[in-house]
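Colleague: could you look at this predicted model? Sequence included:
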Amino acid sequence: MIRNQPEANSFKLASKLGNDSTDPKTVVEFLKTKTFAEIIQAQYTVLTPEVRIIYFLYISIFYIYFLYISFLFCVQEHKKKLF
């Protein structure tokens, strides 16, 4: 989600996580020390409102698809038990 202006957004992301460095190498090394969950949570705060909407829609569509696939799997399992 930080494909537009990756350098600027990386600095914002690092700042949200506690590193205000302007040196790209320092920022990269700092971000490598953070967990996936920390980066994802902080990344959302860096996104513009427009990108947040796109992000939310993407996640929602994925979730609906996941529920649909789970439903189909359950139906298949239920049919196996009936016959």
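Modeller: Now that the structure is in, tell me what you want to look at.

Colleague: how does the protein divide into domains?
Modeller: 1-47, 49-83 (automatic domain parsing).

Colleague: and the pLDDT at the residue nearest to Glu7 when sequence neighbours are not counted?
Modeller: Computed as CB to CB, 6 or more residues apart in numbering, the closest residue to Glu7 that is not its neighbour in sequence is Pro24, at 6.9 Å. The C-beta positions use only the backbone N, C-alpha and C, and glycine is treated the same way. Looking at Pro24, its pLDDT stands at 93.

Colleague: could you do the one 5 residues further on as well?
Modeller: Each residue has a pLDDT score; the one for Glu29 is 94.

Colleague: how about Lys21: what's its closest non-neighbour residue?
Modeller: One correction, residue 21 is Ser, not Lys. Ser21's closest residue in space is Val27 (CB to CB, 6+ apart), at 5.5 Å.

Colleague: do you know how far the one you found is from Lys12?
Modeller: Distance, Val27 to Lys12, by CB to CB, to the nearest Å: 10 Å.

Colleague: which of those two has more neighbours?
Modeller: Counted by other CB atoms under 10 Å, Val27 and Lys12 do not tie: Val27 has more neighbours, with 20 against 17.

Colleague: can you pull out the helices in the protein?
Modeller: According to DSSP state H, the chain carries its helices in the segments 6-16, 24-32, 36-46, 49-82.

Colleague: the residue nearest to Glu7 contacts Ala14, doesn't it?
Modeller: No. In this structure Pro24 lies outside contact range of Ala14 using CB atoms under 8 Å: 9.9 Å.

Colleague: okay, these two: which has more neighbours?
Modeller: Taking neighbours as other CB under 10 Å, Pro24 and Ala14 compare with Ala14 leading, 24 against 12.

Colleague: any idea how far Gln5 is from that one?
Modeller: 14 Å.

Colleague: likewise for Lys16?
Modeller: Distance from Lys16 to Gln5, by CB to CB: 15 Å.
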